[in-house]
Each structure stands twice: as C-alpha cells, then as structure tokens.
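A.B. asks: sequence first, predicted coordinates after that:
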Amino acid sequence: MSEDYVPPKVWTWDTESGGKFASINRPIAGPTSEKELPVGKHPLQLYSLATPNGVKVTVMLEELLALGHSGAEYDAWLINIGEGDQFGSGFVDVNPNSKIPALMDHSTETPTRVFESASIMLYLAEKFGAFIPKDPTERVETMSWLFWLMGSAPYLGGGFGHFYAYAPEKFEYAINRFSMEAKRQMDVLDRRLGEVEFLGGSEYSIADMATWPWYGALAQGKLYDAGEFLDVKSYKNLQRWTDQIAERPAVIRGRMVNRAFGPLEEQLRERHDASDFDTKTQDKIEAAES
C-alpha cells in the first residue's frame, strides 16, 4: 500500500489482495458448493475446527461430560476452513455466516441450529444448568466478561494477529495500533484476575472457557508466536489463571478435538465417542498420513 493511497468512491473486490486467508475471504455470503454435513449417533452434532473459537465449545462440552452430563455426548466433525468447507451448502444451512463453530441439537422436536460461539455456550449452559453462577452478582459479572471477550477478541485476532502474523506486508502503524490494544486487553484481564480467582468471581464459568482459548494461548506464547513481542510473561495474574485452567483434564481434551495441526499427540480430528481420546486414535492418524 502506497502512502499516497486514496480510497475510491466505490470499493470493489480485489481477489489478489494477498494475505494468508485471501483465498477464502470474500465480500459475499452463501454457499459455493452443494455438500451435505455428516450426522453421527449423538443428539449434539458439532461442526468446527480447533481455532480459539472452536476450542471454546469443545472445552465446554468436555467440561459438561466431566460433570456427569451424559446428554452432552457429541459428535465432532472437522470443518477445514482453509479448504473452504464452511461454504458448503450443509454448513451454511447451520450457520449462514459461514464461520465455525456451528452446532445442531437433534434432541429437540425440530432440530435446533446454534451458531456463534457465545450463543452455543449459553445454549449449552442453560440446557444443562451448568457453568453460569447462581449467585446473581456473579452471574451478571460472568455474562459481562463473556461479552467482553466477544467484543475484544476480534481486535486480537483480526487486528493484531492479522497485521502481525498474516498480512502480506508489515505495516508499522497497524502493528503498533493493535499491539497497544492487545496489551491493554491483557492488562484488563490481569487487573481483574488480581482481584478474583476466575473472571466471574469465585466460580469457573463459561466466561473462563470462552476467554482462555484466546488469551490463555496468548499468555502461553502460542498465539501468533508473539509472546516475547508482547511481553506476556509480565502479566502475572493472567499467567496464574492461564496455567490453572490449562491443567484441567477437560481443557486438555477439548483442545485436541477438531485439531488438524500441530503435534500428532495433540490432535483428534473427529470425535464420536469418549474413547476416541485413546492413544490408538493417534496411530490411526499416523497410518492415514503414511
């Protein structure tokens, strides 16, 4: 981009705009192909990928199962957004916005579609009566932090992450602008977590499950390889919370589901039963890749 760039009166789509996700980004909605979605044996059918938004929901489902909610058993199907699976007609029927994650609940009289990660988490929390505090003050606080995350994460991902890691060129202004915002957000969390154990207060909740895949991964230095650049280790309370949640067995499992990248032992591309976490699954992955 030239310093002399002047926006045109009417913007037009430049398909050669570049960037890591240029081939799948477009200014129109709707399907690009006819493709039905698979349906497994459980009432809950999840179509997703292990991005931070996808991990929110798989962590919650695994936490519900850990509490003994057998009705939360689910089939997880991989939607590879790099290959455009989100634009298949079946997926668009579940989520007209063509973003993961998307959920179909077949336990209702008419199957219920739920899209947008926070909506799915609220739906599951209300369906199973879990992970939203009953104390009115903590309930409101939990909801506030859940929606803080939904408003803040786009600045971290689409703002900082895009310009720092994915844009075809490095733009100092954009990187400085969103680095400032990413650090401000971490400071917001660090201050809050210096006051309480969890974001909503004393209870682990959907606010923590929604926030951890984004800001926990950032605090661990795993997001955009930006840990040193953003000096994430300096946020001590955020580090304490991140480490505490990372040790939860359901979080460890939830991070694996619909994961098709990284070390093989951390991948579980599709999940259809609790036994799929057996290490034999990784043998199947290695065999499929050989």
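C.D. replies: Cool, the structure landed.

A.B. asks: so for the helix or strand residue 55 falls within, what's the average pLDDT?
C.D. replies: With elements taken from DSSP states H and E, the one containing residue 55 is helix 52-66. Helix 52-66 carries an average pLDDT of 98.

A.B. asks: for the helix or strand following that helix, packing partners?
C.D. replies: Following helix 52-66 in sequence order, the next helix or strand is strand 74-78 (DSSP H and E). Applying 3 or more Cβ pairs under 8 Å, 6 or more residues apart in numbering; DSSP states H and E, one finds that strand 74-78 makes contact with strand 44-48. Backbone N, C-alpha and C define where each C-beta goes, glycine included.

A.B. asks: could you give the separation of the helix holding residue 55 from the chain centroid?
C.D. replies: The chain centroid and the centroid of helix 52-66 are separated by 10 Å under Cα atoms, centre = their mean, to the nearest Å.

A.B. asks: tell me what angle it forms with strand 74-78.
C.D. replies: Using axes from the mean of the first three to the mean of the last three Cα atoms, to 10 degrees, the inter-axis angle of helix 52-66 relative to strand 74-78 is 160 degrees.

A.B. asks: other SSEs contacting helix 52-66?
C.D. replies: strand 44-48, helix 117-128, helix 206-211, helix 249-256.

A.B. asks: try it again with 10 Å
C.D. replies: Helix 52-66 is packed against strand 44-48, strand 74-78, strand 102-105, helix 117-128, helix 136-154, helix 206-211, helix 217-219, helix 249-256, with contacts defined by 3 or more Cβ pairs under 10 Å, 6 or more residues apart in numbering; DSSP states H and E.

A.B. asks: for that helix, buried residues please.
C.D. replies: For helix 52-66, the neighbour count (16 or more other Cβ atoms under 10 Å) marks 52-65 as buried.

A.B. asks: which residues does residue 107 contact?
C.D. replies: By Cβ atoms under 10 Å, 6 or more residues apart in numbering, the contact set of residue 107 is 42-44, 71, 127.

A.B. asks: so it: helix, strand or coil?
C.D. replies: coil (DSSP: H, G, I helix; E, B strand; the rest coil).

A.B. asks: hang on, the earlier thing: reformat the helices and strands packed on helix 52-66 as TSV; add mean pLDDT.
C.D. replies: As requested, the helices and strands packed on helix 52-66 are arranged in TSV below (pLDDT from 0 to 100):
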stretch	mean pLDDT
strand 44-48	98
strand 74-78	98
strand 102-105	98
helix 117-128	98
helix 136-154	98
helix 206-211	98
helix 217-219	98
helix 249-256	97
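
A.B. asks: a markdown table for those, including distance to residue 186 and mean neighbour count?
C.D. replies: Listed next are these as a markdown table, based on distance: least, Cβ to Cβ, whole Å; neighbours: other Cβ atoms under 10 Å:
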| stretch | distance to residue 186 | mean neighbour count |
| --- | --- | --- |
| strand 44-48 | 26 | 24 |
| strand 74-78 | 30 | 23 |
| strand 102-105 | 29 | 24 |
| helix 117-128 | 20 | 19 |
| helix 136-154 | 10 | 17 |
| helix 206-211 | 11 | 28 |
| helix 217-219 | 7 | 23 |
| helix 249-256 | 20 | 21 |
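
A.B. asks: would a markdown table of the ones you listed with distance to residue 231 be doable?
C.D. replies: Converted to a markdown table, those look like this (distance: least, Cβ to Cβ, whole Å):
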| stretch | distance to residue 231 |
| --- | --- |
| strand 44-48 | 32 |
| strand 74-78 | 35 |
| strand 102-105 | 36 |
| helix 117-128 | 28 |
| helix 136-154 | 19 |
| helix 206-211 | 19 |
| helix 217-219 | 11 |
| helix 249-256 | 24 |
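
A.B. asks: if we compare the ones you listed, which one ends up closest to residue 185?
C.D. replies: Nearest to residue 185, of all the helices and strands packed on helix 52-66, is helix 136-154, at 5.2 Å by Cβ to Cβ.

A.B. asks: which strands or helices does that closest one pack on?
C.D. replies: Using 3+ Cβ pairs under 10 Å, 6+ apart, the elements in contact with helix 136-154 are helix 52-66, helix 117-128, helix 172-193, helix 206-211.

A.B. asks: and that helix, how far out from the chain middle?
C.D. replies: 16 Å.

A.B. asks: swap in stretch 97-108?
C.D. replies: Centroid separation for stretch 97-108 versus its chain: 14 Å, with Cα atoms, centre = their mean.

A.B. asks: spatially central residue for the protein, please.
C.D. replies: Closest to where the C-alpha atoms of the chain average out (Cα atoms, centre = their mean) is residue 53, at 1.3 Å.
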